[in-house]
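Engineer: need a structure here:
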Amino acid sequence: MNTQAGKPSQQDIQAEYDVFRSKGLKLDMSRGKPCKEQLDLSDGMYVDSITLKSADGSDCRNYGTVDGLPEARALFAALFGLSPDEVIVGGNSSLNLMYDTFARAYLHGLSGCDTPWGKLPSVKFLCPVPGYDRHFSICELFGMEMIPVPMTLTGPDMDEVERLAASDPAIKGIWCVPLYSNPTGVSYSEETARRLASMKTAASDFLIFWDNAYAFHHLYEKADSIPDMIRACRDAGNPERVIMFSSTSKITWPGAGIAILAASKTQVARIKKLMGIQTIGPDKITQLMHVRHLKDESHVKALMLRHADIIRPKFEMVLDILETELSDTGFASWNRPNGGYFISLDVVPGTAKRVVQLAKEAGVVLTPAGATWPLGKDPTDSNIRIAPTFPPLEELRTAIRILCICVKLAALEKMSG
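Structural biologist: As a prediction, this is how the structure comes out:
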């Protein structure tokens, strides 16, 4: 990084920082949550007891329908260009579906699985970095070795992914957030998807966990797009390779939403069979509420435009402040996402933890430094995830100003030390 052009005075930055620290602020940007105004967009979502019948005539207040209401599966199949028998609809958490799918592969094996992962001497997973901390936590809980793979502007470094996947049968899969990746905002290219779908793998049961969390979460009219990975794997002769996940968590209400799992018909049938032992059925009333509220693709797009109108000014303000405060210092670089929920900030190597600590002392809570790497260990201590959506605009403005001061102060401390 160029640390000469526009280099600020450490004494001046320290004084500016001390003013904010003395105010006793409490500002939280630690997670990518929808704000109150976004949650209010779905306040009309309800059903009454007279209309609690599903499309097949069953009473949603009762047991049954392990894979979700027929109309819920049909809605999400239409949204993602799938058939209903390629879709399972569950409760409010796609993370829960990912964890359960991981556990089933570990304990029982999925379709196309040679041996349950838990019966193998070693299981490894490819983890694009920077990436989503909750993905890494699942691997950590199951005692799996995580292999970081660097992200590029078109997705994970596919030369490295192909090399690793082809060389070691213990590598059983890869985590992917393909559209507006968490936290870099990168969207996977057609070539990346094609190579993932068709690459040779030493493990015949290699799985792509395709976490399509931000499928409809565009900030601008000119939106990114990604390939249909289920079709890509089927066309490549590897139909069992991918399992896709998504949810309404940032479309309606995270606390009362629905999540989906999509895969080949064979894979869905295997998972449904295992689910039938685990549960008698999901919360069908919430699913029914969502079907009636979201209706179809045009209604979903209209709702997401209203979400974008609320959070776009927050992203643009953060980016404007970063540009004004840091662009000429050589102390930081960042992405400009077209959608999703995060901005990825890279600071002077060796200072990310110090930046987060300084921000905390000044009253701003950020995602812990290192969270975007397996085991929380960023080898260069340089990446920080910014979550702009939740705070009110003026609180966010103050928080980002403080963050910029902390970036400068940490860099100057390192240079002077």
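
Engineer: show me the residues around K301 that make contact.
Structural biologist: F216 (Cβ atoms under 8 Å, 6 or more residues apart in numbering). Placement of C-beta: from N, CA and C, glycine included.

Engineer: Distance of it relative to M275?
Structural biologist: 31 Å (Cβ to Cβ, to the nearest Å).

Engineer: swap in L393?
Structural biologist: The value you get for L393 to M275, if Cβ to Cβ is used, is 43 Å.

Engineer: the more surrounded of those two?
Structural biologist: M275 (20 against 12; other Cβ atoms under 10 Å).

Engineer: Helix, strand or coil: sort out that one for me.
Structural biologist: helix (DSSP: H, G, I helix; E, B strand; the rest coil).

Engineer: Mind listing what's buried along the helix or strand containing M415?
Structural biologist: Using DSSP states H and E, M415 falls within helix 393-416. Of the residues in helix 393-416, 395-414 count as buried by neighbour count, 16 or more other Cβ atoms under 10 Å.

Engineer: Same check on stretch 139-148?
Structural biologist: C139, F142, M144, M146, I147, P148.

Engineer: show me what contacts Y341?
Structural biologist: Residues in contact with Y341 (Cβ under 8 Å, 6+ apart) are G32, Y180, N182, Y214, H217, K250, A387, T389.

Engineer: If you could redo that for V347, that was the one I meant.
Structural biologist: Contacts of V347 (Cβ under 8 Å, 6+ apart): F331, A332, V355, S382, N383, I384, V407, A410, A411.

Engineer: Who are the contact partners of the nearest residue to the first one once chain neighbours are set aside?
Structural biologist: The spatial neighbour of F331 that comes closest, neighbours along the chain excluded (Cβ to Cβ, 6 or more residues apart in numbering), is A411 at 4.3 Å. Listed by Cβ under 8 Å, 6+ apart, the contact partners of A411 are T3, T329, F331, V347, V348, T351.

Engineer: Count the residues that sit near G276.
Structural biologist: As a burial measure, G276 scores 12 neighbours (other Cβ under 10 Å).

Engineer: now F20
Structural biologist: 21.

Engineer: And A78, by the same measure?
Structural biologist: Neighbours around A78, by other Cβ under 10 Å: 15.

Engineer: Let me know the pLDDT of the residue nearest to it when sequence neighbours are not counted.
Structural biologist: Nearest residue to A78, sequence neighbours excluded (Cβ to Cβ, 6+ apart): E297, at 6.3 Å. For E297, the pLDDT comes out at 96.

Engineer: so E297 sits right up against F76, yeah?
Structural biologist: No: with contact defined as Cβ atoms under 8 Å, E297 and F76 do not form a contacting pair (10.4 Å).

Engineer: More neighbours: which of those two?
Structural biologist: Higher neighbour count among E297 and F76: F76, with 29 against 13, using other Cβ under 10 Å.

Engineer: In three-state terms, how would that one be classified?
Structural biologist: helix.

Engineer: Tell me which residues touch it, please.
Structural biologist: L82, V87, V89, S246, I260, A262 are the contacts of F76 under Cβ under 8 Å, 6+ apart.

Engineer: Can you check the pLDDT for it?
Structural biologist: 97.

Engineer: do the one 10 residues further on as well
Structural biologist: Per-residue pLDDT puts E86 at 98.

Engineer: Kindly tell me how buried it is, as a neighbour count.
Structural biologist: 22.

Engineer: and if you look at the one 10 residues further on?
Structural biologist: Applying other Cβ under 10 Å, we find 14 residues neighbouring N96.

Engineer: pLDDT score assigned to it?
Structural biologist: At N96, pLDDT is 96.

Engineer: Verify the stated contact: R195 with E160.
Structural biologist: No: taking Cβ under 8 Å as the definition, R195 is not a contact partner of E160, at 11.4 Å.

Engineer: So if I had to pick from those two, which one is more boxed in?
Structural biologist: Higher neighbour count among R195 and E160: R195, with 19 against 16, using other Cβ under 10 Å.

Engineer: dump the residue contacts of the residue nearest to that one when sequence neighbours are not counted.
Structural biologist: Leaving aside its sequence neighbours, R195 sits nearest to M158 (Cβ to Cβ, 6+ apart; 4.8 Å). M158 makes contact with E191, T192, R195, L196, M199, according to Cβ under 8 Å, 6+ apart.

Engineer: now G255, what's its secondary structure?
Structural biologist: helix.

Engineer: Tally up the residues packed near it, please.
Structural biologist: So G255, with other Cβ under 10 Å, has 9 neighbours.

Engineer: if I look at it, how far off is L261?
Structural biologist: Counting by Cβ to Cβ - G255 and L261 are separated by 20 Å.

Engineer: Over to S187?
Structural biologist: 21 Å.

Engineer: what about those two, which has more around it?
Structural biologist: L261 (26 against 23).

Engineer: The more buried one contacts I271, doesn't it?
Structural biologist: Yes: if you go by Cβ under 8 Å, L261 and I271 touch, sitting 6.9 Å apart.

Engineer: ok, back up a step: give me the mean pLDDT for the helix holding M415.
Structural biologist: 97.

Engineer: Now do it: distance to the chain's middle.
Structural biologist: 25 Å (Cα atoms, centre = their mean, to the nearest Å).

Engineer: cool, and stretch 305-321?
Structural biologist: So, by Cα atoms, centre = their mean, the centroid of stretch 305-321 is 18 Å from its chain's centroid.

Engineer: Equivalent analysis for stretch 246-256, please.
Structural biologist: That offset, for stretch 246-256, works out to 13 Å (Cα atoms, centre = their mean).

Engineer: That concludes my questions; thank you for your assistance.
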